[in-house]
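Engineer: fold the stuff below for me.
(4 chains)
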2 protein chains.
Amino acid sequence: MSAEPASESGHPLVEQAIEYIRNAIEKHDLHPGDRLPAERELAQQLKISRATLRSAIGSLAAMGVLRIRHGVGTFVADGPPEIAQGSFDLLRALHGFQSWQMFEARTILERSLAALAAERGQESDFAALSEEVAEMYATCNDPNEYLIHDVLFHRLIARASGNPILAWLMETVVTALYEARRKTVEHAADLKESAEIHRAIYRAIRGRNGRRATELMEKHLKSAETAQASEPRGPAHGDASAAGDENRLGARRGREGMRAAR
Amino acid sequence: MSAEPASESGHPLVEQAIEYIRNAIEKHDLHPGDRLPAERELAQQLKISRATLRSAIGSLAAMGVLRIRHGVGTFVADGPPEIAQGSFDLLRALHGFQSWQMFEARTILERSLAALAAERGQESDFAALSEEVAEMYATCNDPNEYLIHDVLFHRLIARASGNPILAWLMETVVTALYEARRKTVEHAADLKESAEIHRAIYRAIRGRNGRRATELMEKHLKSAETAQASEPRGPAHGDASAAGDENRLGARRGREGMRAAR
DNA sequence: CCCGCGGAAGTGGTCTGACCTCACAGGCGG
DNA sequence: CCGCCTGTGAGGTCAGACCACTTCCGCGGG
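Structural biologist: Reported below is the predicted structural model:
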């Protein structure tokens, strides 16, 4: 191992460019949501070709640090640290992550998240949680709709935990399971029962009973894993065309105007 | 209305290219360590320009899926999933991850890792662990050397846990703490004591005493955090609002700072 | 007066094809 | 036999042109 002196004027030009933007962000010259100068302009400023700058921007975008919008501009990522999901998928393929391993990781994370939420959750968190539970009861006849609230519920717990890092890790793992989950939920016999458990978890958290919240969460995920494991699991599924709706929850990032706290 | 640019599937060309490589990997047409065709060649195969292909490769490299070696070629990443490290650093800067949050995340992960290692570790794992402990004792007078074995020790536990996903998550978090850790260890008064704890953890794991391993690991990380926190280091940004609310939900409008530092 | 369509402006996306740098391997001379 | 040296082929950078997408503003019709 070495020290990677590539900090300032490293050799690869593209790395210098990355470093430049990186510094601008770390130095708070750029904040989440800000727009970068146009490529042509920035390239001229940095005295590098647009192609090179483009590589740098592309890499940062791949890392989830920047968000590029064709015809609009390049922005510093803000909102939910929804990142590296593609990365995780690839890693799974490369290193052969197993399904049970993902569930295990998820369980460990969510278990802790639940405990922390019980410990540090605010009233506002509880209120939001409660609302999601209600939504789940209301949609147990609509698997797809139900799943949305399910995901939201877990995400709210993560937020209530007060630890964005853990929340991010969970999100990363969960995202990889999302696809499969959608299929599982389709066949799920009783979403009603699932809603019950979520409600129990909610109550444990609101009651600041960390231990119980942990246990319930473990139980919940355990059954979820079992349910999914029993699925016939289609191997290849080239995903061809079908209905590629690609519904990414909460990914939409608008400007201040929108958003209904619903 | 003459001839369609022949863009059938996906939208952005670069994404198509990524998808192509991605599929090749997921379909096991490419395995870790393999070398991709030369850029010029591959570009011609995919019927896209080299620049576009280059973007795709760059993104995948940024995600840690590919490794580029100037003058040699582009390879599919193999070995240790050392990835997205830069990503995490940036995220930290972007979302203001706190030090205690990183420690908390790390503790939760390592605690579980230790328990799993105690449960599923193989003799070979124990042997390696034992060896690292010995090395730690042998190097307690050389902080930098000691740290290496320290890291190795934790990594071995992660491996012994049998869950590469958790191991990867831990690695991601730990990497971000590495820099700071190196400084902490410099001032560490008694690495001897630290070695003792590691040994205790090792014994608990080998004895398949998951609970004890968990407790010891927690204790160990707790003291590590304390040690680091006591460091004078830290500009201690007196960032206004001291009230416990680091969550900035306030929308920020298109500012556009950042000019060339020449 | 209001609505809507169309074009201008600006930004990212792609292409071309040339040239540079770096690694590596093999040849030639010492 | 060793070592410099050059050739080959890979990635890295560059320049400038053109395409595609968004947004916005103004003109004309309702």
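Engineer: now do stretch A:30-42: distance from first to last residue.
Structural biologist: 14 Å (Cα to Cα, to the nearest Å).
Engineer: give the burial count for residue A:215, as a bare number.
Structural biologist: 17 (other Cβ atoms under 10 Å in any protein chain shown). Heads up, the C-betas are built off the backbone N, CA and C, glycines and all.
Engineer: can you point out the buried residues in the strand or helix carrying it?
Structural biologist: Residue A:215 belongs to helix A:210-229 when assigned by DSSP states H and E. Along helix A:210-229, these residues count as buried under the neighbour rule (16 or more other Cβ atoms under 10 Å in any protein chain shown): A:210, A:212-217, A:220-221, A:224-225, A:227-228.
Engineer: again, but for stretch A:141-157
Structural biologist: So, applying 16+ other Cβ under 10 Å, buried residues of stretch A:141-157: A:143, A:146-157.
Engineer: wait, which of the buried residues of helix A:210-229 is closest to residue B:133?
Structural biologist: The nearest member of the buried residues of helix A:210-229 to residue B:133, counting by Cβ to Cβ, is residue A:214 at 31.3 Å.
Engineer: and chain A, which of its residues are near DNA strand D?
Structural biologist: For chain A, the residues in contact with DNA strand D (Cβ under 7 Å from any atom of the strand) are A:12-15, A:47-52, A:55, A:70-72.
Engineer: filter the residues you listed down to the buried ones.
Structural biologist: A:13-15, A:48, A:52, A:55.
Engineer: quick one on the thing from earlier: and the buried residues of stretch A:141-157, which of them are in helices?
Structural biologist: Members of the buried residues of stretch A:141-157 lying in helices (criterion: DSSP state H): A:143, A:146-157.
Engineer: and the residues you listed as JSON lines, adding pLDDT?
Structural biologist: Formatted as JSON lines, those follow (pLDDT from 0 to 100):
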{"residue": "A:143", "pLDDT": "80"}
{"residue": "A:146", "pLDDT": "85"}
{"residue": "A:147", "pLDDT": "85"}
{"residue": "A:148", "pLDDT": "86"}
{"residue": "A:149", "pLDDT": "91"}
{"residue": "A:150", "pLDDT": "89"}
{"residue": "A:151", "pLDDT": "88"}
{"residue": "A:152", "pLDDT": "91"}
{"residue": "A:153", "pLDDT": "94"}
{"residue": "A:154", "pLDDT": "94"}
{"residue": "A:155", "pLDDT": "93"}
{"residue": "A:156", "pLDDT": "94"}
{"residue": "A:157", "pLDDT": "95"}
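Engineer: closest one to DNA strand D out of these, please.
Structural biologist: Of all those, residue A:148 has the smallest distance to DNA strand D: 24.4 Å, by Cβ to the nearest atom of the strand.
Engineer: could you measure from that closest one over to residue A:142?
Structural biologist: From residue A:148 over to residue A:142 the distance is 9 Å, taken as Cβ to Cβ, to the nearest Å.
Engineer: which strand or helix spans the residue in chain A that DNA strand D sits nearest to?
Structural biologist: Nearest residue of chain A to DNA strand D: residue A:71, at 2.5 Å (Cβ to the nearest atom of the strand). In this assignment (DSSP H and E), residue A:71 forms part of neither any helix nor any strand.
Engineer: residues touching it, list them.
Structural biologist: By Cβ atoms under 8 Å, 6 or more residues apart in numbering or on different chains, no residues touch residue A:71.
Engineer: hey, where'd the strands end up in chain A?
Structural biologist: For chain A, the strands defined by DSSP state E occupy A:66-69, A:73-76.
Engineer: point out the most buried one among the ones you listed.
Structural biologist: strand A:73-76 (a mean of 19; mean count of other Cβ atoms under 10 Å in any protein chain shown).
Engineer: which other helices and strands contact that one?
Structural biologist: Identification of packing neighbours for strand A:73-76 by 3 or more Cβ pairs under 8 Å, 6 or more residues apart in numbering or on different chains; DSSP states H and E yields strand A:66-69.
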